[in-house]
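> Please find the sequence and the predicted model below.
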Amino acid sequence: MVWQRGKKLFGDRYIIENILGEGGMGITYLAKKQSGELRVIKTLREDILEHPAWKPYENKILQDFRDEAVRLAVCRHPHIVEIKTIFDQENLPCMAMEYIEGTDLGKYLRRMGVLSEAEALLYIHQIGDALEVIHRRGLLHRDIKPGNIIIRQGKSEAVLIDFGIAREFIPNEVQKHTVYRTPGFAPPEQYQISALRGEFIDVYALAATLYTIITGIIPPAAEDRGKNTLLKPPQDLNPHISDRTNQAIMRGMALNSKYRPQSVQEWLQLLEKPTHENKILATVPPTQIVTSPRPSLLLYRWKCVNTLEADTSMVHAVTISPDGKIFASGSDKTIKLWDLESGKQLRQLGGWFSSHSGIVDSLAFSGDGEVIVSGSWDETIKLWSVSTGRQIRTLKGHNSSVNTLAFSPDNQLLASGSLDCTIKLWHIITGREVGNLTGHSASINAVAWSPDGQFLASASADCTIKIWQATGREIHTLYGHSLFVNSIAYSQDGTMLVSGSSDNTIKVWQASTGEEIRTLKGHSNAVWTVALSPDRQFIVSGSWDKTIKIWLLSTGKEICTLKGHSNYVRSVDISHNGQTLVSGSDDYTIKIWQQH
């Protein structure tokens, strides 16, 4: 039996829209909540359970599905599809998962052609990080391939989906394997009825996925390779691939599992370029820094003075008030105000009816510090009174998530950027939309006003930066980044712009002409957030390599690296006196750093 459109599930909480796909044992549906939010519902195929060959194993199949759903539900990670609810419907176990707007990596590859090495490694590192979480929970995915990786629309974020043949594993023990596998990505062990299970199974598939997306060719099946079919080195198919990546892929796809890296972490390390600096960083304890040996730069020593727990949610946004006394954080659907000096939580904004219904992804204080504004994946913007915590108003107009917000210097206008590719200007007093800026072809990830309020800069997933007059007229488009531009900031005098990108670089631009001044390299993963010190002395960058780096603006020299976060750094902000940093991370913590 297949559920038809309009079928209500789980006490009318979900309504079936259509079938998304069918696999060997399961079937997935697109469903809608009463609130209008979309969900993916996965369950078992009833015709399989009723088949004579499977009927004797029905109870075990049902229990395995439920057990795996529970185990996956605790595998919380930004690059793993999130399970929202587990329930039974008509004796069939079901799991409701987030609906990811985007396209799978296989389709993306067909549209884009061969991916650059930098972009390919970005996605592979993200999925590798996700697999480490899965493996720590005692699970193997066993079906990693481009078709099971979704690229979120307008974002440089890959998400691992389809755990239909995921199984528990006990390291170095022989266990039975199911017959389901994907040729080209499944290692030889999955062709055997019984074999050792270990992380090396997913290592092979992850390496094969990297092989595919940087060559455009699916590698030969392991079964055929065992019969003397040659695996061509990826560098033979794409001469632009580095020796390091070429060798890592061949190691990861070794037919004999003993010759593969035994963990995903070990394999990912083969992809990282060893440098003298990396060796130094590896010896430094968490929350400490690495400083340049040059004496003139020793004043830029920083230390972590406080670590705050943000409940059980990733911290998407942090921002410090203009007077430097408090700061705000956004995580999950909540906004919290904190005392900057003590780290004490002052209040949480929003009650049962006034809170956002989606993740809070952006925050900004007004110039006088009296108002804070929040943007959410629920497509709304909310203005709040800092002194009372009460909601002032809700702005609606975007038709997708709100990624970024910025008050104009005179506090008259608010700029908002969205996944819907538009920038909107709002009149603060009335809440009216007074401008709609179009021109970017992908998500708007960041906006920033020039200090004089005459210009607005926007950074986009279309890899460009645009500069607009306050009237909404586009005057410059800045090209140079090779991947999504995630963050942007003006210098205090308005002469320079700084941008951070998923191509792992930071660029400094001449604001008046759009001319690129220099490129800063040092991060090993996407640069997600940048900020400039008020005195124009240094740039702060936060990255998905889990570090924060501080650079001299005048020379572009990296002067120190702050370590301590155990997951992606999503947001950083600098106090007005330039003495304090606040950082928010996917590790569910906020860290406060100070110069000393």
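Great, that's in hand.
> any idea how far Gly124 is from Pro146?
One thing to correct before we go on: residue 124 is Ile, not Gly. As judged by C-beta to C-beta, to the nearest Å, Ile124 and Pro146 stand 11 Å apart. (Glycine included, C-beta is placed from N, CA and C.)
> Ignore what I typed, I meant Leu497.
If you go by C-beta to C-beta, the gap between Leu497 and Pro146 works out to 35 Å.
> Neighbour count: these two, which is higher?
Relative neighbour count places Leu497 above the other of Leu497 and Pro146, with 29 against 22, counting by other C-beta atoms under 10 Å.
> follow-up on the earlier one: give me the common contacts of Ile124 and Pro146.
Listed as contacting both Ile124 and Pro146 by C-beta atoms under 8 Å, 6 or more residues apart in numbering are Thr209.
> which stretches of this structure have low pLDDT?
24, 164-180, 194-195, 273-300, 311-312, 351-353 (pLDDT under 70).
> Using the record's assignment, carve it into domains.
The record, using automatic domain parsing to delimit domains, assigns the chain the ranges 8-98, 103-273, 277-284+301-595.
> How about Glu119, nearest residue that isn't a chain neighbour?
Once flanking residues are discounted, Glu119 sits nearest to Leu483: 5.7 Å by C-beta to C-beta, 6 or more residues apart in numbering.
> Now that neighbour: phi and psi?
Torsion angles at Leu483 (phi, psi; degrees, to the nearest 10) stand at phi -140, psi -180.
> if I pick it, what's in contact with it?
For Leu483, the set of contacting residues under the criterion of C-beta under 8 Å, 6+ apart consists of 118-119, 122, 156, 463, 501-503, 526.
> Given the host helix or strand of Ile150, what are its sheet partners and their directions?
For Ile150, the host element (DSSP states H and E) is strand 149-152. Strands flanking strand 149-152 in the sheet, each with its direction: strand 102-104 (antiparallel), strand 158-160 (antiparallel) (DSSP bridges).
> what ranges do the helices span in this structure?
Chain-ordered helices for the chain, with DSSP state H as the definition, fall at 46-49, 58-73, 105-112, 117-136, 200-215, 222-225, 234-237, 243-252, 264-270, 276-282.
> Highest mean neighbour count out of those helices?
Between the helices of the chain, the one whose residues have the most neighbours on average, counting mean count of other C-beta atoms under 10 Å, is helix 200-215 (a mean of 26).
> Which strands and helices lie in contact with that helix?
helix 105-112, helix 117-136, helix 234-237, helix 243-252, helix 264-270 (3 or more C-beta pairs under 8 Å, 6 or more residues apart in numbering; DSSP states H and E).
> Which one of these lies nearest to Ile429?
Between Ile429 and the helices and strands packed on helix 200-215, the tightest spacing by C-beta to C-beta is seen for helix 117-136, at 42.2 Å.
> That closest one packs against which elements?
Using 3+ C-beta pairs under 8 Å, 6+ apart as the contact criterion, the neighbours of helix 117-136 among helices and strands are strand 149-152, strand 158-160, helix 200-215, helix 264-270.
> any idea how far the spatially most central residue of the chain is from Ala459?
In the chain, the C-alpha nearest the mean C-alpha coordinate belongs to Glu157, at 4.6 Å (C-alpha atoms, centre = their mean). Distance check for Glu157 against Ala459: by C-beta to C-beta, it reads 16 Å.
> just Ile134 next, same as before
Relative to Ala459, Ile134 is positioned 32 Å away (criterion: C-beta to C-beta).
> picking that back up, out of the helices and strands packed on helix 117-136, the one nearest Ile559 is which?
Between Ile559 and these, the shortest gap by C-beta to C-beta is with helix 264-270, which sits at 26.0 Å.
> Figure out which of the domains of the chain is closest to Met1.
domain 8-98 (5.0 Å).
> How far does that closest one stretch from one end to the other?
Using C-alpha to C-alpha, to the nearest Å, the gap from the first to the last residue of domain 8-98 comes to 18 Å.
> and if you look at stretch 411-425?
From its first residue to its last, stretch 411-425 covers 12 Å (C-alpha to C-alpha).
> Would you mind listing the buried residues in that stretch?
Of the residues in stretch 411-425, 413-425 count as buried by neighbour count, 16 or more other C-beta atoms under 10 Å.
> Name the nearest of the residues you listed relative to Phe327.
For the buried residues of stretch 411-425, the residue nearest Phe327 by C-beta to C-beta is Leu414; the value is 19.4 Å.
> Buried ones in stretch 377-391, by neighbour count?
When burial is assessed from 16+ other C-beta under 10 Å, stretch 377-391 yields the following buried residues: 377-384, 386, 389, 391.
> cool, stretch 448-464 as well?
Taking 16+ other C-beta under 10 Å as the basis for neighbour counts, the residues of stretch 448-464 that come out buried are 448-450, 453, 455-464.
> Only alpha carbons, please: show stretch 130-147 as CSV.
Below are the C-alpha coordinates for stretch 130-147, written out as CSV (Å, rounded to 0.1, in the frame of the first residue of the first chain):
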residue,chain,number,x,y,z
ALA,A,130,29.5,14.2,9.8
LEU,A,131,30.8,10.6,9.4
GLU,A,132,33.0,10.9,12.5
VAL,A,133,29.9,11.7,14.5
ILE,A,134,28.0,8.7,13.0
HIS,A,135,31.0,6.4,13.6
ARG,A,136,31.2,7.5,17.2
ARG,A,137,27.6,6.3,17.6
GLY,A,138,28.6,2.9,16.4
LEU,A,139,27.0,3.2,12.9
LEU,A,140,28.3,2.9,9.4
HIS,A,141,26.5,4.7,6.6
ARG,A,142,27.5,2.1,3.9
ASP,A,143,26.0,4.1,1.0
ILE,A,144,28.0,7.3,0.6
LYS,A,145,27.8,8.6,-3.0
PRO,A,146,27.1,11.9,-4.7
GLY,A,147,23.4,11.1,-4.9
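> Just to check, Ala415 is in contact with Leu456?
Yes - Ala415 is in contact with Leu456 according to C-beta atoms under 8 Å; the separation is 5.6 Å.
> and for the two, which residues touch both?
Common neighbours of Ala415 and Leu456 (criterion: C-beta under 8 Å, 6+ apart): 406, 423, 447, 449.
> Which members of these are the farthest-apart pair?
Pairwise distances across these peak at 11.6 Å for Ile423 and Trp449 (criterion: C-beta to C-beta).
> and for these two, which residues touch both?
Listed contacts common to Ile423 and Trp449 are 415, 456; contacts here mean C-beta under 8 Å, 6+ apart.
> so how far is Leu122 from the closest residue to Leu109 other than its chain neighbours?
Distance criterion C-beta to C-beta, 6+ apart; nearest residue to Leu109, sequence neighbours excluded, is Ile213 at 5.6 Å. Ile213 sits 11 Å away from Leu122, going by C-beta to C-beta.
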